[in-house]
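Chemist: Prediction below, plus the sequence it came from.
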Amino acid sequence: MKKTCTILLILLIHLTYSQTKIYAFVGKKISVERVKSENNFYLKYKNVYKVEQSFDEEIKSDTLVFNSYTHMNQIQYSVYDYAIIYLVKNEKGEFIHRRTYYTPIILKKDGKWYGFDKLDDNIYDYEIIHDEHLNIRKNLAVGKTVFQEKIKKKWLLNAFFPEKFFLKINRSKVEIKYLKIAEKLLKFK
């Protein structure tokens, strides 16, 4: 009986969350600020993003304002200037960020957005990018606010710009090795 109840509960949760429509877009960060939360268990952030590319017809405006909720410090996607952000609608029909899922977007080249997924093990699906450098000083400064513990800059660099995809040039600059176009990175999680 206990196994049956557990299976039914898992099935119910899966059905509830699998039927939630996900809206995705490439956005440019305008602002991310912590605001007062209605729930003491979650931190709440108000996000303002410029829509650079929408993957859904229902995202019609050029700027989106939405809330994110997290148990930890500031949300990690705020480190990047651009990201694919995944949203759902709440019961009021407002966009909210779904469990802080995101995909970093690093480069726009020839009208296409490029990024990477830290969890990808296979770089063979990625394109080799030559002679593209990024100044990441500002990104690492934001990273220090995300992880408020005393963390070394080298750790931050590897956390947000992994060696698999980037080559360190100096303390504040990296060279891009591999990226993938946004459409191939898109995952409805």
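Modeler: Perfect, I can see it now.

Chemist: quick one, longest strand in the protein?
Modeler: Assignment by DSSP state E gives strand 95-109 as the longest strand of the chain.

Chemist: Give the partner strands of the helix or strand just after that one in its sheet and their orientations.
Modeler: As assigned by DSSP states H and E, the chain's next helix or strand after strand 95-109 is strand 112-115. Using DSSP bridges, strand 112-115 pairs in its sheet with strand 95-109 (antiparallel), strand 178-181 (antiparallel).

Chemist: how about these in JSON lines, adding distance to Tyr69?
Modeler: Placement of C-beta: from N, CA and C, glycine included. What follows is the strands paired with strand 112-115, written out as JSON lines (distance: least, C-beta to C-beta, whole Å):
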{"stretch": "strand 95-109", "distance to Tyr69": "8"}
{"stretch": "strand 178-181", "distance to Tyr69": "28"}
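
Chemist: Could you pull out the buried residues of the longest strand of the chain?
Modeler: 95-98, 100-107 (16 or more other C-beta atoms under 10 Å).

Chemist: farthest-separated two in those residues?
Modeler: The two members of these with the most space between them (C-beta to C-beta) are Ile96 and Leu107, at 28.0 Å.

Chemist: what about the strands in the chain?
Modeler: 23-35, 43-54, 63-70, 82-89, 95-109, 112-115, 127-128, 133-135, 166-170, 173-176, 178-181.

Chemist: what's the most buried one of those?
Modeler: Of the strands of the chain, the one with the most neighbours on average (mean count of other C-beta atoms under 10 Å) is strand 82-89, at a mean of 22.

Chemist: Check the offset of it from the chain's centre.
Modeler: Strand 82-89 has its C-alpha centroid displaced from the chain centroid by 7 Å (C-alpha atoms, centre = their mean, to the nearest Å).

Chemist: go on, stretch 77-85?
Modeler: 5 Å.

Chemist: CA atoms of it as PDB?
Modeler: Coordinates of each C-alpha in stretch 77-85 appear next as PDB, following Å, rounded to 0.1, in the frame of the first residue of the first chain:
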ATOM      1  CA  TYR A  77      22.000  33.900 -13.900                       C
ATOM      2  CA  SER A  78      22.400  37.500 -12.800                       C
ATOM      3  CA  VAL A  79      26.100  37.000 -13.300                       C
ATOM      4  CA  TYR A  80      25.700  36.900 -17.000                       C
ATOM      5  CA  ASP A  81      24.700  39.900 -19.100                       C
ATOM      6  CA  TYR A  82      22.600  37.700 -21.400                       C
ATOM      7  CA  ALA A  83      20.800  34.400 -20.700                       C
ATOM      8  CA  ILE A  84      18.000  32.100 -21.900                       C
ATOM      9  CA  ILE A  85      15.500  32.500 -19.200                       C
END
